[in-house]
Each structure stands twice: as structure tokens, then as C-alpha cells.
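[1] Mind looking at a prediction? Sequence and model below.
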Amino acid sequence: MVRANTLLILISRTVNMVEKYIKSVGDEFAETGGFRERLSAVRSEARVQRDGVAAEAPSCPQCGAPMRWRKTRQDNRAFWGCTEYPTCRGVLPADTNEPR
């Protein structure tokens, strides 16, 4: 009888611990997002650090945000693209304030 009661107590404590853990994981997911969201945020930060926004970058003619030096996929031509893309699709020709 004592063994059975001990097992029941251990099982109930284990269930409580698992429920608390599942709740904390759910709260963390709601706060920070899942793996994909965190991975894309890290990738975006790395891309900004790699490409950067030049100090002498022009402002977007449509929204006023700073622009980033980019290249087209098709023929690798350079241009200035708005950092707020895809919300803003402002572009400027490559000869405008070329970065070093």
C-alpha cells in the first residue's frame, strides 16, 4: 500500500511538472515565435550587417527611408533599393551616390 501511494505521488508531481513545462514552452513560442521566425530574424540581421546601409546612402524618393546598394538578379546591374522593401518599392539609378 505504501509503495502504491508513493508511486501515485511521484506520478502526480511528474504530471504537474510536465504541464508547467508545456505552458512555459507555449508562452515562449507566443512571445518569440517558432524556429522559422527566429531563424529568419537572425538571417535578416546578418544580411543587414553584410550588406549594410552606407553612410552616404540616399533617401528613398517615395518614403524617405535610407536606401541599400543592391544588384539585379538577371544581369547583375547595380541600383539603390529602399530598405523598406517590399512595403516600399522605391529605387534610384546606380550613379546616384555610389558606395565605396
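    On my side now, so go ahead.
[2] pLDDT weak spots in the chain?
    48, 51-55, 96-100 (pLDDT under 70).
[3] all strands for it, in order.
    Assigned by DSSP state E, the strands in the chain fall at 67-71, 78-82, 91-93.
[4] Distance to residue 40 and mean neighbour count added to those, as a markdown table?
    Every C-beta, even on glycine, is put in place using the N, C-alpha and C of the backbone. Shown next, in a markdown table, are the strands of the chain (distance: least, CB to CB, whole Å; neighbours: other CB atoms under 10 Å):
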| stretch | distance to residue 40 | mean neighbour count |
| --- | --- | --- |
| strand 67-71 | 18 | 18 |
| strand 78-82 | 19 | 19 |
| strand 91-93 | 24 | 14 |
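[5] Can I get those in CSV including distance to residue 16?
    Compiled in CSV, the strands of the chain are given as follows (distance: least, CB to CB, whole Å):
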stretch, distance to residue 16
strand 67-71, 51
strand 78-82, 52
strand 91-93, 58
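[6] Quick one: residues in contact with stretch 19-33.
    If you take CB atoms under 8 Å, 6 or more residues apart in numbering as the criterion, stretch 19-33 is touched by 38, 41.
[7] How far off centre is that stretch?
    Offset of stretch 19-33 from its chain centre (CA atoms, centre = their mean, to the nearest Å): 19 Å.
[8] and if you look at stretch 8-25?
    Worked out by CA atoms, centre = their mean, stretch 8-25 lies 32 Å from the chain centre.
[9] buried set for that stretch?
    For stretch 8-25, a neighbour-count test (16 or more other CB atoms under 10 Å) marks nothing as buried.
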